[in-house]
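Engineer: let me see the structure of the following:
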Amino acid sequence: MPFMPVILWTDALIYLLMLIAFVSAFSLRKNRQLRGQWRSIFKSRVGAAAAVVLLFYVLVGSLDSIHFHPRVASQSSETEYSPKIVSLLDTLLVSLKDSTEKTYSAPFATHLFVKETMELNGLQSRAYPKLTQRATHLSANADVGFDILTKSIIGSMLGLMVAGLVIALLSLLARQNILKKPTTSAGIQWRSISSMLMTICMLFGALFYLSEFYHVLGTDKVGQDVFFTSIKSIRTGLVIGTLTTLIMLPFAVLLGIMAGYYQGWIDDVIQYIYTTLNSIPGILLIAASILMLQVAMDNNPEAFSTIEARADARLFFLCLILGVTSWTGLCRLLRGETLKLRELDYIQAGKALGTSNLKIILRHILPNVMHIVLISIVLDFSFLVLAEAVLAYIEIGVDPTMNSWGNMINSARLEMSREPIVWWSLFAAFSFMVVLVLAANLFSDAVRDAFDPKLRTR
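Structural biologist: The predicted structure is shown next:
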């Protein structure tokens, strides 16, 4: 085989999350009410556009979650694989990954950002060396601005062609659904979906095409392309936001419903647990857990075969720690809602008829609190993405060797004190993070409008 597949800890959880999403989407076909609620999200212009942005981020994160050991050339007859773990996204963006300069360079620059001592005509002088990996196609008197404009137009046209193919495919699928079920696609904002899709494809088409000739977002201190680092950081942000939620849900849903339904000593014990956990400062608890984990990893280096596996294990345990410490808010909400639901007439009638508590919880309580669960999941996603940046900034977040927006912002602390300022690393991390969090917040508003019973009634 040309590669040897590898499944990291976070990869396994991502595949599990995809399986849950697929099964949930398949089950929607049998539930007319849920289908209508999800369809109403895409009847909102803002919700439909935000969903397209989120799907783009998910696509990039999914490509970066397929890991393997690449095959290397060997003189022996046995197949040998590289000890380094790479992802499918690394393979697709190999030209960006390998375009490493000596040190800083500004966006679309042709020379390094720092002067060096150079020898010209037998004399030594201080000058800006030319880049070795990008801008090598330009002649001495070339018009850089015109070249960038030309290549931007070409890249945008290529992206527009890709968007046209995707829109044509979606139109074909929608037409087939309309013929089978005339009300399936009624009211969906196809114009907003198409406009946002074309915008994303044209923007990133131009950026990817330009990245073959320039460092579009410059390079960092070690010469790594900042555009490549920003794209690689998407997976880390998505993992923190989604896997933490996956770990948090069982605690919140199970304990919240149990506390509200059974009351008595069960309610007292659960309240005592989450009240005690809330009384501990969250940052201190996370810092202590990460430091203990770091000591355990340093004392057992043989447990990790590669640097990537070690960094992924730390990311997994960070998600676990955040999940264990962030379930209390949703648990309190579910407890209060369950206290209200258990007093309703149909619940009391079920008890009088001898229906078991487990059946009442599964058939009546759980479906009626799922709108709170879903809305909380989408709202907490934005908080967790931002929390990763804060934790990395105070150096208790993901491993420093892992690409993340938090690590980029942390490294930009010293860059902002330089003269002149190296601003592009902070700008890139800020831009990618703001777009993701903004899209998640706008999508959460559409989810709340669709699933909140009070808003639906209005």
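Engineer: where do the strands sit along this structure?
Structural biologist: Taking DSSP state E as the test, the strands found in the chain are 3-6, 67-72, 80-81, 86-87, 116-120, 123-127.
Engineer: so which of the ones you listed gets nearest residue 423?
Structural biologist: strand 116-120 (21.4 Å; CB to CB). Placement of C-beta: from N, CA and C, glycine included.
Engineer: mind checking how far the residue lying farthest from the centre of the chain is from residue 115?
Structural biologist: When distances are taken from the C-alpha mean of the chain, residue 122 lies farthest, 52.8 Å away, according to CA atoms, centre = their mean. Computed as CB to CB, to the nearest Å, the residue 122 to residue 115 distance reads 19 Å.
Engineer: ok, residue 421 touching residue 415?
Structural biologist: Yes - Residue 421 lies in contact with residue 415 (CB atoms under 8 Å); the separation is 7.1 Å.
Engineer: between the two, which is the more surrounded one?
Structural biologist: Higher neighbour count among residue 421 and residue 415: residue 415, with 17 against 11, using other CB atoms under 10 Å.
Engineer: contacts only, for the residue farthest from the centre of the chain.
Structural biologist: Contact partners of residue 122, counting by CB atoms under 8 Å, 6 or more residues apart in numbering, are absent.
Engineer: export stretch 14-27 as PDB, just CAs?
Structural biologist: Extracted C-alpha coordinates of stretch 14-27, given in PDB (Å, rounded to 0.1, in the frame of the first residue of the first chain):
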ATOM      1  CA  ILE A  14     -14.600  12.400  15.100                       C
ATOM      2  CA  TYR A  15     -15.600   9.300  13.200                       C
ATOM      3  CA  LEU A  16     -18.000   8.400  16.100                       C
ATOM      4  CA  LEU A  17     -19.500  11.900  15.900                       C
ATOM      5  CA  MET A  18     -19.900  11.600  12.100                       C
ATOM      6  CA  LEU A  19     -21.700   8.200  12.600                       C
ATOM      7  CA  ILE A  20     -24.000   9.800  15.200                       C
ATOM      8  CA  ALA A  21     -24.800  12.700  12.800                       C
ATOM      9  CA  PHE A  22     -25.400  10.200   9.900                       C
ATOM     10  CA  VAL A  23     -27.800   8.100  12.000                       C
ATOM     11  CA  SER A  24     -29.600  11.200  13.300                       C
ATOM     12  CA  ALA A  25     -30.000  12.500   9.800                       C
ATOM     13  CA  PHE A  26     -31.400   9.200   8.600                       C
ATOM     14  CA  SER A  27     -33.800   9.000  11.500                       C
END
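Engineer: still on that earlier bit, wait, which of the strands of the chain is closest to residue 385?
Structural biologist: Residue 385 sits nearest to strand 86-87 of all those, at 20.0 Å, using CB to CB.
Engineer: who's in contact with the closest one?
Structural biologist: Contacts of strand 86-87 with the rest of the structure, by CB under 8 Å, 6+ apart, involve 63-70.
Engineer: stretch 101-116 now?
Structural biologist: Under the criterion CB under 8 Å, 6+ apart, residues 126-135, 138, 144, 148, 210, 214-223, 422, 424 lie in contact with stretch 101-116.
Engineer: does residue 212 touch residue 95 like I think?
Structural biologist: Yes - taking CB under 8 Å as the definition, residue 212 is a contact partner of residue 95 at 6.3 Å.
Engineer: list the contacts for the residue lying closest to residue 230 once chain neighbours are set aside?
Structural biologist: Distance criterion CB to CB, 6 or more residues apart in numbering; nearest residue to residue 230, sequence neighbours excluded, is residue 428 at 4.5 Å. For residue 428, the contact set (CB under 8 Å, 6+ apart) comprises 217, 226-227, 229-230, 408.
Engineer: all set, thanks.
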